[in-house]
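# how would this look folded up:
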Amino acid sequence: MIKVCSLFSGSSGNCIFVSYNDTAILIDAGVSGRRIEAALAGIGESIDKIEAIFITHEHSDHISGAGILSRRHNIPIYANSKTWMAMRSELGKIKPEFIRLVEPGELTTVGDIAIKSFPIPHDAVCPVGYNIFVNDKKLTIATDIGHMNNELLCNLEKSEMVLLESNHDVEMLKTGRYPWPLKQRILGDKGHLCNDMAGKVVAHLAKCGTKKFLLGHLSKENNFPELAYRTVCNALLDIKINPEKDIYLEVALRDRASNILYI
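Residues are numbered from 1 along each chain as shown. Next comes the predicted model:
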């Protein structure tokens, strides 16, 4: 079975663990190497099993631990060429053989896991989400989404499990203490996905057959887990899907691991 766990999720750092048989990878490594090592140990895994780190984009909450993990444990880092150029100075020295270029839409394989990236709208040089394929099953990781579009939705569809951004409540953001330029950035087409849109997307995907969802990358200032969860639940109930019986829905928290999902 495929094993999935969000170790950290939020603006303070992101890291997702995926394994199948003897193959284990991380999507992003946005907290310190020691915290990632400890989080893996907390779910019964070892950093020594990790065969690759896949980076979604160059912002610090997605890469801050990647360089040290690569150096300490000889782990290759996968990212597209534009992201590599943008993050290289932040990672520190990486052995040439551990610099792996994989462009958007290109399928690559690590052990028993196949991975394909797809573009997402965010204010980075070439941000991506990831489809993960094991046999006939597909999982999807998609956060830091400024807006939903048809191409992105197609990449989410037909997934067994989706980790989707549910970053903020729009009214909390508008009335909160962030300066107006930052509010505009978050609300813009290359910012972050709000709870209401996350609810619509989850409802659509659930109607199409996706059974397991993690809501991720919640804002500390402009959201809270219960609100994100309830907003998405209401969207599901509106189309007669019971979020406590018909699907699995969980909020991935910023400072602790989610439940382990088996797919």
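
# Run through the strands of the protein in chain order.
Using DSSP state E, the strands of the chain run over residues 3-8, 15-20, 23-27, 50-54, 77-79, 99-101, 107-110, 113-119, 128-134, 137-142, 161-165, 212-216, 248-251, 261-262.

# quick one, the second one and strand 212-216 angle?
Comparing the axes of strand 15-20 and strand 212-216 via axes from the mean of the first three to the mean of the last three Cα atoms, to 10 degrees yields an angle of 160 degrees.

# can I get the strands of the chain in a markdown table with mean neighbour count and mean pLDDT?
For glycine as for every other residue, the C-beta is placed from the backbone atoms N, C-alpha and C. Putting those into a markdown table (neighbours: other Cβ atoms under 10 Å; pLDDT from 0 to 100) gives the following:
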| stretch | mean neighbour count | mean pLDDT |
| --- | --- | --- |
| strand 3-8 | 24 | 98 |
| strand 15-20 | 24 | 98 |
| strand 23-27 | 23 | 98 |
| strand 50-54 | 23 | 98 |
| strand 77-79 | 25 | 98 |
| strand 99-101 | 14 | 98 |
| strand 107-110 | 14 | 98 |
| strand 113-119 | 19 | 98 |
| strand 128-134 | 23 | 98 |
| strand 137-142 | 23 | 98 |
| strand 161-165 | 26 | 98 |
| strand 212-216 | 26 | 98 |
| strand 248-251 | 18 | 98 |
| strand 261-262 | 16 | 98 |
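
# Nearest to residue 149, out of these?
Closest to residue 149 of those is strand 113-119 (Cβ to Cβ; 9.6 Å).

# Which of the strands of the chain sits closest to residue 229?
strand 248-251 (5.3 Å).

# quick one: that closest one to chain centroid distance?
Offset of strand 248-251 from its chain centre (Cα atoms, centre = their mean, to the nearest Å): 14 Å.

# all helices for the protein, in order.
Here the chain has its helices, by DSSP state H, at 33-42, 60-63, 66-73, 81-91, 150-156, 170-175, 180-187, 195-208, 225-238.

# what's the domain layout of the protein?
Here the domain parsing of the chain from automatic domain parsing is 1-109, 145-253.

# Quote the end-to-end distance of the first one.
When the termini of domain 1-109 are compared using Cα to Cα, to the nearest Å, they are 18 Å apart.

# May I see the strands of the chain organised as CSV, with distance to residue 35 added?
Below are the strands of the chain laid out as CSV (distance: least, Cβ to Cβ, whole Å):
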stretch, distance to residue 35
strand 3-8, 7
strand 15-20, 8
strand 23-27, 12
strand 50-54, 14
strand 77-79, 18
strand 99-101, 24
strand 107-110, 23
strand 113-119, 24
strand 128-134, 22
strand 137-142, 19
strand 161-165, 19
strand 212-216, 17
strand 248-251, 20
strand 261-262, 21
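
# Run a quick neighbour tally on residue 62.
Residues lying near residue 62 (other Cβ atoms under 10 Å) number 27.

# Begin at 24 from now on, thanks
Done: numbering now begins at 24, and the last item shifts to residue 85.

# and it, how far is that from residue 151?
Distance of residue 85 to residue 151, given as Cβ to Cβ, to the nearest Å: 11 Å.
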